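Q: Quick one, what's the 3D model for this:
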Amino acid sequence: MGWFYGFKLHIVTNDRGEILNFCITRANEDDRTPLKNERFFD
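A: Take a look at the predicted model:
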């Protein structure tokens, strides 16, 4: 596909916009990868 440099920040918030959890992944990683981590939602 191409080259990607950097990182992505995935954030879980509640209805008031408060951050409940976050995960940082490499830019070239699939966006669904954090969903495979069950602890991401705890």
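Q: Residue 21 and residue 28: what is the separation?
A: Separation of residue 21 from residue 28 (Cβ to Cβ, to the nearest Å) stands at 22 Å. Glycine gets a C-beta too; all of them are placed from N, C-alpha and C.
Q: Grab the most central residue of the chain for me.
A: residue 10 (2.6 Å; Cα atoms, centre = their mean).
Q: tell me the contacts of it?
A: Listed by Cβ atoms under 8 Å, 6 or more residues apart in numbering, the contact partners of residue 10 are 22, 23, 24, 25, 31, 34, 40.
Q: Would you list the buried entries among those?
A: When these are checked for burial by 16 or more other Cβ atoms under 10 Å, the buried set is residue 34.
Q: Just the contacts of residue 10: which are in strands?
A: Cross-referencing the contacts of residue 10 against strands under DSSP state E gives 22, 23, 24, 25.
Q: Tell me the bridge partners for the second one.
A: Per DSSP bridges, the residues bridged to residue 23 are residue 10.
Q: quick one on the thing from earlier: roughly how far apart are the residue nearest to the centre of the chain and residue 19?
A: 11 Å.
Q: ok, now residue 29?
A: 21 Å.
Q: which of the two has more neighbours?
A: Neighbour count, other Cβ atoms under 10 Å: between residue 29 and residue 19, residue 29 has more, with 12 against 9.
Q: so what does the least confident helix or strand in the chain by mean pLDDT touch, helix or strand wise?
A: In the chain, no helix or strand scores lower on mean pLDDT, DSSP states H and E than helix 33-36, which sits at a mean of 80. On a contact count with 3 or more Cβ pairs under 8 Å, 6 or more residues apart in numbering; DSSP states H and E, helix 33-36 meets strand 19-26.
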